[in-house]
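Colleague: Sequence and predicted model, in that order:
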Amino acid sequence: MVKTALITGITGQDGYYLSRLLLEKHYRVVGLVPPNRQSSVAKLGALADQVEIYSVALTDPVALAEAVEQLQPQEIYNLTAPSFVPDSWKDPLATLDLVTGTATRLLDAVRQAGLATRFYQASSSEMFGQVDQSPQDENTPFRPMNPYAAAKVHAHWTMVHHRQRYGLFACSGILYNHESPLRPPNFVTRKVSLGVASIKLGLSDQLEMGNLDAKRDWGYAGDHVEAMWRMLQADEPEDYVIGTGQLHSVRELIATAFACVDLDWSRYVVVEPGLLRSDEHFHLVANPSKAKQNLDWQPQISFEALLAKMVQRDMDRLKSGTASSPLSVN
Ligand code: GDR
């Protein structure tokens, strides 16, 4: 039987990699895309012809319930979110509605349709926030530090309630930073890979950065979407922390990326105070032991290999004049 997977946020980085994975596994892949976001489907490149797109407002519970009823998906991956964290301060209520509202509406749709659909909720390491233990695992308390993280916590608990009260097969993947050549350039890894490629090719001579001492657990998006899928194939619905378990500073990230093209980063990088964030002083790093043990999951691509891939891809894009086109992934 061909399985149907329904994805929100299909036009984002994770939507791309997850669609590719599911298509390789011969799923029927359906993306729920709001009417005002239809133009973003082009971001899926060659995959756009292989997935089905349903035009549905994620704010409309009736339309979502109809889509679920009609498609009868075996799996739902709820990936939609305004993922650039600082933006959530600009409109906390819109963030809450998109993140928590969409999760709640979809979970209710599954419950009301009486389906055995398996549900994946995209949770985030940002939910741990002000941690007093490192690394974090599935038992670490949530202490969110921004509206994005607070909304993700609310969505997570809504998912847990549906699992406990109604017996839905619902799981939360608490994912640490995961990157790829498809990351938009406002995120730090892509900003650096594009900056390095531009400097190497003589197109710019400076890279303005925020906090060089900030530390993150950076993995590869292709590895992390594999974990999402594995969670929904497990015998029991459980929540998992997904990350590499390795902490690197932004300074290390920059040095590693510049080293890919044999340049000394300290000659080009300047700190721009306007890019510093006031709400982050904590080290978010995963203890992914449970995923390794239960799902047989572990990252395949190292930090160094990931950055080399991103820098190379941006060199190629700039040389071919396609730097603004996020697609054609290696
Ligand atoms: P993050 O990703 O907020 O962790 O959220 P981002 O790449 O924006 O920041 C990572 C770290 O780098 C520091 N930093 C800078 N960041 C940006 N964007 N630009 C800079 O110039 C810069 N200089 C230093 C930041 O301060 C931060 O510490 C990502 C998103 O994918 C979320 O949606 C997801 O939930 C979390 O990861 C896990």
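Modeller: Arrived safely, thanks for sending. A quick note: this is a predicted structure, and the numbers were derived from the prediction, not measured.
Colleague: Kindly export the helix or strand harbouring D223 (C-alpha atoms) in CSV.
Modeller: Using DSSP states H and E, D223 maps to helix 221-233. What follows is helix 221-233, C-alpha atoms only, in CSV (Å, rounded to 0.1, in the frame of the first residue of the first chain):
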residue,chain,number,x,y,z
ALA,A,221,19.2,18.8,7.9
GLY,A,222,19.3,15.6,5.8
ASP,A,223,20.3,13.6,8.9
HIS,A,224,17.7,15.2,11.2
VAL,A,225,14.7,14.5,8.8
GLU,A,226,15.7,10.9,8.8
ALA,A,227,15.1,10.9,12.6
MET,A,228,11.6,12.4,12.1
TRP,A,229,10.7,9.6,9.8
ARG,A,230,12.1,6.9,12.2
MET,A,231,10.1,8.3,15.1
LEU,A,232,6.9,7.6,13.2
GLN,A,233,8.0,4.0,12.3
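Colleague: average model confidence for it?
Modeller: Helix 221-233 shows a mean pLDDT of 98.
Colleague: Residues in contact with it: which ones?
Modeller: 13-14, 17-18, 21-22, 25, 75, 77, 118, 120, 122, 169, 171, 173, 175, 178-180, 182-183, 237-238, 240, 242, 291, 295-297, 299-301 (Cβ atoms under 8 Å, 6 or more residues apart in numbering). Using the backbone N, CA and C atoms, a C-beta is placed for each residue, glycine as well.
Colleague: So among those, which ones count as buried?
Modeller: Among the contacts of helix 221-233, those buried by neighbour count (16 or more other Cβ atoms under 10 Å) are 13-14, 17-18, 21-22, 75, 77, 118, 120, 122, 169, 171, 173, 175, 178-180, 182-183, 237-238, 240, 242, 291, 295, 297, 299, 301.
Colleague: So which of the residues you listed belong to helices?
Modeller: Q13, D14, Y17, L18, L21, L22, A291, L295 (DSSP state H).
Colleague: Contact partners for Y27?
Modeller: V2, K3, T4, A5, E75.
Colleague: what about L263, neighbour count?
Modeller: Residues lying near L263 (other Cβ atoms under 10 Å) number 14.
Colleague: tell me which residues of the top helix by length along the chain are tucked away?
Modeller: Looking across the chain with DSSP H, the single longest helix is helix 147-166. By neighbour count with 16+ other Cβ under 10 Å, helix 147-166 contains the buried residues 147-156, 158-160, 162-163.
Colleague: quick one: which of the residues you listed is nearest V196?
Modeller: The closest of those to V196 turns out to be Y148 (Cβ to Cβ; 27.5 Å).
Colleague: and the nearest residue to the closest one once chain neighbours are set aside, helix, strand or coil?
Modeller: Distance criterion Cβ to Cβ, 6 or more residues apart in numbering; nearest residue to Y148, sequence neighbours excluded, is S88 at 3.6 Å. Here S88 is helix, with the state taken from DSSP: H, G, I helix; E, B strand; the rest coil.
Colleague: Quick one: name the residues of this protein near the ligand.
Modeller: Applying Cβ under 6 Å from any ligand atom, we find that the chain lies next to the ligand at 83, 85, 124-126, 176-177, 186-188, 191, 209-211, 214, 216, 250, 275, 277, 280.
Colleague: could you flag which of these are buried?
Modeller: Using 16+ other Cβ under 10 Å, the buried ones in the residues of the chain next to the ligand are 83, 85, 124-126, 176-177, 188, 191, 209-211, 214, 216, 250, 280.
Colleague: picking that back up, so of the residues of the chain next to the ligand, which ones are in strands?
Modeller: Those of the residues of the chain next to the ligand mapping onto strands are S124, M209, R216, per DSSP state E.
Colleague: hang on, the earlier thing: okay, now the residue nearest to Y148: neighbour count?
Modeller: Neighbours of S88 using other Cβ under 10 Å come to 24.
Colleague: wait, what's in contact with it?
Modeller: Counting by Cβ under 8 Å, 6+ apart, S88 makes contact with P82, T95, N146, P147, Y148, A151.
Colleague: Most widely separated two among those?
Modeller: Among the contacts of S88, P82 and N146 lie farthest apart (Cβ to Cβ), at 11.6 Å.
Colleague: Neighbour count: the two, which is higher?
Modeller: Using other Cβ under 10 Å as the criterion, P82 and N146 rank with N146 on top: 20 against 16.
Colleague: The more buried one against E126, yeah?
Modeller: Yes. Counting by Cβ atoms under 8 Å, N146 touches E126, with 7.0 Å between them.
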